[in-house]
Structure formats: structure tokens, C-alpha cells
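Engineer: For reference, the sequence and a predicted model appear below.
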Amino acid sequence: IFCHRVLVCSARHFSARPAVTMLFFSFFKTLVGKEVVVELKNDLAIRGTLHSVDQFLNVKLLQVTVDDRENFPHMQSVKTCFIRGSVIKYVQLPASEVDTELLQDATRREMAQQKQN
């Protein structure tokens, strides 16, 4: 299975560039209902169905499983979780759900708008 890893920075990191935050927010909203893997800064990888995302890039996952059960045994009983955007390192996405050309075009448009302002 091929997937894309998206580096996620907290919305505070993008506070000087709100258009970039909105681009990520809009993109992640299109993935609601899809299975993703969220890797946290403490190396915990949580697999689940994306239920919601907000403008701060906080996410809620349903049907949660953890790949590394030996190092995180306390996570075995968790079925639903809310993850603060500032602790997310990467989000792995199914390659079939990512239209890279559309993302690249949107990024180019955002950058062109920022240069004009």
C-alpha cells in the first residue's frame, strides 16, 4: 500500500500565513471518513478513521488502533481520540485519496496571492 506522508505544523506556526493553514484545513476536511495514520511527536502512531478536523488542525479519530502495542500498551483500550494539532508530526494518507496536482495548483495560487499582497 502506497501512502503519502504530510508534515503537519500547528496552526500557531502558520499564524503569519493564515492562507497556508486554511489550505491544510480545507485539504484535511476532504479526508473525513477516510483511514489515516497520525504520527505524534512522541513517536506514537495512531491509525483510525478521520472524524473531524478544525482550523487549528486538531483531529478526532474513530476506530483507533496503535501499531506499536508493546511500547504503548495503555492505548489498546482507546477506540476514539482527540489529537491536538500541535503534537502531530506527520499524517499518513492513502495515496488513492491524494490528488497531488490539485494540491500543487492550490499551493501555487496561494503563493501568487501572497506575493500580490
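Structural biologist: That came through fine. Residues are numbered from 1 along each chain as shown.

Engineer: From here on, just use CA atoms for contacts and neighbour counts.
Structural biologist: Fine.

Engineer: pull the longest helix from this structure.
Structural biologist: helix 100-116 (DSSP state H).

Engineer: which helices and strands sit right next to that one?
Structural biologist: Helix 100-116 is packed against helix 18-29, with contacts defined by 3 or more CA pairs under 8 Å, 6 or more residues apart in numbering; DSSP states H and E.

Engineer: Give me the mean pLDDT for the helix it packs on.
Structural biologist: On average, the pLDDT along helix 18-29 is 74.

Engineer: following that helix, which helix or strand shows up next?
Structural biologist: strand 35-40 (DSSP states H and E).

Engineer: Please save the CA atoms from whichever helix or strand comes after that following strand in PDB.
Structural biologist: Beyond strand 35-40 on the C-terminal side, the first helix or strand identified by DSSP H and E is strand 45-53. Output of strand 45-53 as PDB, limited to C-alpha atoms (Å, rounded to 0.1, in the frame of the first residue of the first chain):
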ATOM      1  CA  ALA A  45       1.400   6.200  15.500                       C
ATOM      2  CA  ILE A  46      -2.300   6.100  15.800                       C
ATOM      3  CA  ARG A  47      -4.400   4.600  12.900                       C
ATOM      4  CA  GLY A  48      -8.100   5.500  12.700                       C
ATOM      5  CA  THR A  49     -10.900   6.900  10.700                       C
ATOM      6  CA  LEU A  50     -10.700  10.700  10.400                       C
ATOM      7  CA  HIS A  51     -14.000  12.000  12.000                       C
ATOM      8  CA  SER A  52     -13.200  15.700  12.100                       C
ATOM      9  CA  VAL A  53     -10.600  18.400  11.800                       C
END
